[in-house]
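S.K.: Using only what follows, build the 3D model:
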Amino acid sequence: MNPQLNHLNHKHCIIKANYSKEPQNEMQLDRFLEILVDKINMNIFMGPWTKYCGSSGNEGYTTAVIIETSHAVLHLWCKSEWCQQAYLQFDLYSCADFDTNIIKSLLVKEFEATDFQIITLDRNNKLEILEDNKQYLKNVGPNYLIS
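M.R.: Residues are numbered from 1 along each chain as shown. Now for the predicted structure:
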């Protein structure tokens, strides 16, 4: 690791969850990411951008924002004949520290998200799963372990 970058955290959060409250439009999702970035004390560098994909079997939204310390992306697959349970996947990578509980709370409030699966990686020197997620990994099995 570059010694000049020792103050950076390189934290990566990956969330998968079901949800029951469908987004209404692209502007709602842009606003959601603006609020999320503010609540985790970061700054928007570019975006956010949101698009709806209507391709059969892949219906849903993708929304992304570039933050000064990296990025956040949210994918929402809408309930359809191909997707019996609407679900989302969220990805936040940042060189600044953040609280995953804030992200989870915002997803619950905005989308009524449930059944969370969360993995947070420390990417400072090598990929390490942070301690607060190891119990989850014990429950889902060894396929999620990273060496």
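S.K.: Just give the closest residue to the residue nearest in space to the middle of the chain, not the sequence neighbours.
M.R.: For the chain, the residue nearest the mean C-alpha position is Phe90 (2.4 Å; Cα atoms, centre = their mean). Distance criterion Cβ to Cβ, 6 or more residues apart in numbering; nearest residue to Phe90, sequence neighbours excluded, is Ile15 at 4.2 Å. (Each C-beta comes from the backbone N, C-alpha and C, glycine too.)
S.K.: Go ahead and confirm the one you found touches Gln89.
M.R.: Yes - between Ile15 and Gln89 there is a contact under Cβ atoms under 8 Å: 6.9 Å.
S.K.: the more surrounded of those two?
M.R.: Shown here are Ile15 and Gln89; by other Cβ atoms under 10 Å, Ile15 has more neighbours (20 against 15).
S.K.: in the helix or strand harbouring the more buried one, what's buried?
M.R.: For Ile15, the host element (DSSP states H and E) is strand 11-18. Going by neighbour count (16 or more other Cβ atoms under 10 Å), the buried part of strand 11-18 is 11-13, 15-18.
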